[in-house]
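Novice: Have a look; sequence and predicted model below, questions after that.
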Amino acid sequence: MDDPRGYPDFSAELTGSSVGMFAPYGAGSFSVLPSQVVLASNPDGSPKFELDLVEYLGDSSANGQYSVLDFSLAGSYPLDAALGLARSGSPGATVKAVTMDGGFGRLYATNSAVPLPADLLNPVPLGWWSSDLARWTTRLSAEAGVMVKDALQGQAGLLLGARLELTVTGVAPRLAATAQFEPPALMAALLAAYPSGLMPAAAVCSFFAQPASIPLSLRSASPLDPGSLAQVLADRLIAAYAKLAPAPGASDPAYVQFRTLGPGDAGQVSWDLSQAALVQRPWVFTLDPIGGLRALNNPAVLASVVKNVSIQAMTLGGYGLDLMASLPPSRVGFAAIGARVEAPAKPPARPSSISQTTLFIPPSDSGSQNLLLAATEPLAYTITCFGVIAAGDFVQEYDSAALPHSDTWVQLGADSFPFSFTVVTVGAQLAALATVQGALSYQVGPHAVQQAFSLPSGAAGELALAAPLAATGLSVAIQASPLDGSSPLSLPPQGAGRIDLDVHSFAGYGPHSVTVQSALPAGANALFIEFVPESQAAAGQATGKVALTPQQASATWGYASLSPFHSGYCFRVAAAPGAAAAPWSPPQAPDAVLTLNPDGTPLAPAPALTPLSAP
């Protein structure tokens, strides 16, 4: 099992008026759920949406007349509100957008006035490897493409909604109990009403609500809450034997598909429910991408997202292949990445084999080929995805297995390539304060490989690092260097995957609370202490003041740091009326107790404030 530390802990959910999030298991950042999902935008503000209406001249078949819909989605994450909620119980907490790691999208009609082609309603696997929440790319019939164009232009009363079915990996709740079962018997009981193995995820939880009636043995030293037990068992069973599957309809709940058991599933299984286990929870979101575009009320934008693509038709036996790869757009450490299309010789009609290469260049990461087969030969070929890693002195090509294809349009996901990708994103607030640099390190056989990277300041950005699937010991080191020349901040080593960075990633940013105390002797005058955030100390004006007395020996002052690089505060004894203000103290570490002597000096010499790293 992967190390569960840092994943969302599904037993530790925090909610506020506009916030939903999970505390990390062990250590790490709180994972914040999106409050809504919207159409993503390019840096210039234009929508990340494109509809290509493709026409091979003279070819009226489905291969010669089709459309491609390609758009990206973004999540709206209330990170500042989430940080305040997290800090209320965990000083020094950090937050991040939750990582979605699988799922589907589907369009649906919001009214029944216009019937829709079946292919327009088909679920589409989503791509995940960019700074956006997801990328949605699908081939549609020519008819469906025209209907989407009509919907954009407000014609025919057509309204389209979009539904996302997503999964989040996290740690299942724990219970002091042991569960034992034989998979064939338990699965037969579970799937009695769902012989295809496709069932609502919520129905799995309902199945376990009455554990005494199913072939499952439980051992526990104390009574178990039935609802908690049902959720724990459902989480673990889905993780072990099922995966997210498209729901039958747009109004259905999230569904999972259980796999067929094999010989390796025989025998008794025992689960210690008190131990951490990684599981997947489904979430469903809806949005209106077409309505969002129309709401811009900008004819030029609507016209720019629809493109007519005309291509000269191929001769008999010739096929135009269109390849599209859902790859991270800003890749570091690749000398080349692409796909080879191959077809073995078919003598006597075609005595020579075919091998053609398409290199993928961002941002389009697409390409076309002309595949010339014999006149009567059916369309059949293989695709091998490849890439050349170039990290320092380490240069090596890696190939995927060759997979058969028989269509003229092929979409390749990031998982089609023989690499694991790590995407690092830097938000606008952090980019305004610092540059971010680091390195991906891993081991491949005898080679210790290190791929350095840097994200400049000024604007939000992203990049993707890659390691061969055979690599071990993957670790990402990250450091943020402030533009004002103050001390840099380093994060703990990160694992591979998605790493979203912003000011919320560092313990120094955001709300802090300081407790000040002093044991004043009986009869002593009150001790007035003034405070100011470190970044405002140069202005000289106090922003907070507390009073300590023999009867009230402690008080609390709160402040917010707008920069993780200057997160401390300064204090001083308030001056008597008419007296000059005392100098501010050196910066103090946030979220610590400040203990003072009766004269206002620190009880012990204050240590220098050291740069704070994320927990």
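Specialist: That came in fine, so what should we check first?
Novice: Give the other helices and strands that the top helix by length along the chain contacts.
Specialist: Looking across the chain with DSSP state H, the single longest helix is helix 226-241. In this structure, helix 226-241 makes packing contacts with helix 183-190, helix 201-207, strand 278-287, judged by 3 or more CB pairs under 8 Å, 6 or more residues apart in numbering; DSSP states H and E. Any C-beta I mention is one placed from the backbone N, CA and C, and that applies to glycine too.
Novice: Dump the ones you listed into a markdown table; add mean pLDDT, mean neighbour count and distance to V476 as well.
Specialist: What follows is the helices and strands packed on helix 226-241, written out as a markdown table (pLDDT from 0 to 100; neighbours: other CB atoms under 10 Å; distance: least, CB to CB, whole Å):
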| stretch | mean pLDDT | mean neighbour count | distance to V476 |
| --- | --- | --- | --- |
| helix 183-190 | 96 | 17 | 37 |
| helix 201-207 | 96 | 18 | 32 |
| strand 278-287 | 94 | 18 | 20 |
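Novice: and L33, which of those is closest to it?
Specialist: Minimum separation from L33 across the helices and strands packed on helix 226-241 (CB to CB) falls at strand 278-287, 7.3 Å.
Novice: just to revisit the earlier point, can you add distance to E534 and give the helices and strands packed on helix 226-241 back as TSV?
Specialist: Listed next are those as TSV, based on distance: least, CB to CB, whole Å:
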stretch	distance to E534
helix 183-190	58
helix 201-207	48
strand 278-287	39
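Novice: Nearest to S213, out of those?
Specialist: S213 lies closest, by CB to CB, to one member of the helices and strands packed on helix 226-241: helix 183-190, at 8.7 Å.
Novice: In a strand, A537, correct?
Specialist: No. Using DSSP: H, G, I helix; E, B strand; the rest coil, the secondary structure at A537 is helix, not a strand.
Novice: L562 is in contact with S535, isn't it?
Specialist: Yes. Counting by CB atoms under 8 Å, S535 is a contact partner of L562 at 6.7 Å.
Novice: Return the per-residue confidence for the nearest residue to D484 once chain neighbours are set aside.
Specialist: Spatial nearest neighbour of D484, excluding adjacent residues (CB to CB, 6 or more residues apart in numbering): F565 at 7.4 Å. Note on F565: pLDDT of 95.
Novice: List the contacts of F565.
Specialist: 433-434, 480, 482, 484, 486-487, 489, 508, 611 (CB atoms under 8 Å, 6 or more residues apart in numbering).
Novice: just to revisit the earlier point, can you give the contact residues for the longest helix of the chain?
Specialist: Helix 226-241 is contacted by residues 10, 172-175, 177, 179, 183, 186-187, 190, 201, 204-211, 216, 218, 256, 258-259, 261, 271, 273, 277-281 when judged by CB under 8 Å, 6+ apart.
Novice: Mind doing that once more with 7 Å?
Specialist: 172-173, 175, 179, 187, 201, 204-205, 208-209, 211, 256, 258-259, 271, 273, 277-280 (CB atoms under 7 Å, 6 or more residues apart in numbering).
Novice: what does stretch 514-523 give?
Specialist: Residues outside stretch 514-523 that contact it (CB under 7 Å, 6+ apart) are 527, 529, 546, 548-550, 553-557, 569, 590, 593-598.
Novice: If you count neighbours, what's buried in that stretch?
Specialist: Across stretch 514-523, burial judged by 16 or more other CB atoms under 10 Å covers 514, 516-518, 520.
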